[in-house]
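Enquirer: coords below, sequence missing:
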């Protein structure tokens, strides 16, 4: 082994990478080797199994809420029904944990690696479901939801970083969109099982998922960016070779580019203040935080956490559990479209369609509940809630659900990516907490107020996407940085 291979210095240059390859007996080929994108999708799917676990936590309250609120406590861990106030806290406390966790997850991702932070998120999920099993008081459920939130915060902060760093430019939008697909698949998992099994059985069904994730993701490589940043050039090269399905020679140019980016990041070590000092970073933060804010202000968590209750109060004649499963199936099917079209249509057009159609669906839901509560005659609109929620979920899952996270993974330079991810993820869950915690109070005045308010936010989102959001379709990470900083390439 040559001395170049043994060095632990972070700063190894393009020439050093070439020397390493030559020491292995490789020669440069004139014809570039094809990238095996299936390897990238394999690693992305394994990483996104953590998002599936997040989905089980987000959807958990929909089938469990009716059990906890029922006067018949035979299928509840508690000795009494929970109050509306307790129900609101159980729904919203996951957001408190999720808004705090990113400030630990981001620095840990730089210290121990993206892979190990994602793997460690399972500890929170397993502990939370164990607490659910042994809960005899409401405060134990509060604690469980808070711990679930920590796990959610770890995943939502680090998973976009990992997926963005293992991807090539031409598939980054597609693999970045997988998070939403796996989240809604996890939600459907508990929607489909929860109403038909006991409380305890559902906890067992949920606890096995993070364990399966750990087994599969453990076999995947760490981000080559992380390895390069730690001076582990041999590991970085092997990681990139696995992800691209190429020889050391085939990844030569990309490895040199990664190293150049990492060296620049190390030379210009970013801090939280750099998010605001640099004009390009400020613009990226405004775009990402804005998209995440409108994602939460669309009322999605209200819909996810209370699907069965919404259908029950709508009194459509359809079994609320069945209607909720239908919604879950629609979410999974529509989320499956996003990876296919994200790099064809572009982020901006999909976000515009999403905001426009969501505003219509929410306005229709508001109109239904207005007719039910005020006019008290729904004979003409009794059919409306199911198609309105189906349309709402389709466009959410193809637009404002996955794309803000995909954009987050590609908007920031390496030196401040962890700080930016922490801020944006915390923004997401701060608003998520506000919306879910105080939705019951607004709902008590009339459900139509809530849905019309969410519809209004989506109208504002249309103008935000139209005039503020930058299209990143087909751009390299460096080209995105150049455009954010006013350089045309």
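Expert: Ah, there it is. These figures come from a predicted structure and were not determined experimentally.
Enquirer: where along the stretch 51-200 of the chain do the helices fall?
Expert: 61-69, 84-100, 102-111, 114-134, 138-166, 172-176, 178-193, 199-217 (DSSP state H, counting those that start in this stretch).
Enquirer: Distance to residue 451, mean neighbour count and mean pLDDT added to these, as JSON lines?
Expert: (Glycine included, C-beta is placed from N, CA and C.) Converted to JSON lines, the helices of the stretch 51-200 of the chain look like this (distance: least, CB to CB, whole Å; neighbours: other CB atoms under 10 Å; pLDDT from 0 to 100):
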{"stretch": "helix 61-69", "distance to residue 451": "18", "mean neighbour count": "22", "mean pLDDT": "88"}
{"stretch": "helix 84-100", "distance to residue 451": "17", "mean neighbour count": "21", "mean pLDDT": "87"}
{"stretch": "helix 102-111", "distance to residue 451": "29", "mean neighbour count": "20", "mean pLDDT": "88"}
{"stretch": "helix 114-134", "distance to residue 451": "30", "mean neighbour count": "21", "mean pLDDT": "96"}
{"stretch": "helix 138-166", "distance to residue 451": "25", "mean neighbour count": "25", "mean pLDDT": "92"}
{"stretch": "helix 172-176", "distance to residue 451": "29", "mean neighbour count": "26", "mean pLDDT": "78"}
{"stretch": "helix 178-193", "distance to residue 451": "20", "mean neighbour count": "25", "mean pLDDT": "90"}
{"stretch": "helix 199-217", "distance to residue 451": "29", "mean neighbour count": "18", "mean pLDDT": "96"}
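Enquirer: and residue 254, which of those helices is closest to it?
Expert: Evaluated over these, closeness to residue 254 peaks at helix 138-166, with 11.5 Å, by CB to CB.
Enquirer: That closest one vs helix 84-100, what angle?
Expert: Counting by axes from the mean of the first three to the mean of the last three CA atoms, to 10 degrees, helix 138-166 points 30 degrees away from the direction of helix 84-100.
Enquirer: circling back to that earlier point, relative to residue 369, which of the helices of the stretch 51-200 of the chain is closest?
Expert: helix 84-100 (17.6 Å).
Enquirer: For the helices of the stretch 51-200 of the chain, could you give me a markdown table that also reports distance to residue 298?
Expert: Shown next, in a markdown table, are the helices of the stretch 51-200 of the chain (distance: least, CB to CB, whole Å):
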| stretch | distance to residue 298 |
| --- | --- |
| helix 61-69 | 17 |
| helix 84-100 | 15 |
| helix 102-111 | 21 |
| helix 114-134 | 25 |
| helix 138-166 | 17 |
| helix 172-176 | 19 |
| helix 178-193 | 13 |
| helix 199-217 | 26 |
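Enquirer: for those helices, which one sits closest to residue 339?
Expert: helix 172-176 (4.0 Å).
Enquirer: How about stretch 471-478, which residues are buried there?
Expert: 472, 473, 475, 476, 477 (16 or more other CB atoms under 10 Å).
Enquirer: same thing with stretch 219-234?
Expert: By 16+ other CB under 10 Å, the buried positions in stretch 219-234 come out as 220-233.
Enquirer: quick one: low-confidence parts of the protein?
Expert: Applying pLDDT under 70 to the chain flags the ranges 1-31, 265, 267, 269-270, 304-318, 342-343, 378-379, 381-382, 443-446, 488-489.
Enquirer: so residue 437 makes contact with residue 85?
Expert: No: counting by CB atoms under 8 Å, residue 437 stays clear of residue 85, with 10.1 Å between them.
Enquirer: Now do residue 371 against residue 386, distance only.
Expert: Taking CB to CB, to the nearest Å as the measure, residue 371 falls 15 Å from residue 386.
Enquirer: those helices in the stretch 251-400 of the chain, which residues are they?
Expert: Under DSSP H, counting those that start in this stretch, the stretch 251-400 of the chain gives helices at 252-267, 274-277, 279-297, 300-305, 307-314, 320-345, 347-370, 385-398.
Enquirer: can you put the ones you listed in CSV and add mean neighbour count and distance to residue 156?
Expert: Shown next, in CSV, are the helices of the stretch 251-400 of the chain (neighbours: other CB atoms under 10 Å; distance: least, CB to CB, whole Å):
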stretch, mean neighbour count, distance to residue 156
helix 252-267, 18, 22
helix 274-277, 14, 18
helix 279-297, 21, 10
helix 300-305, 24, 13
helix 307-314, 22, 21
helix 320-345, 20, 16
helix 347-370, 22, 19
helix 385-398, 22, 16
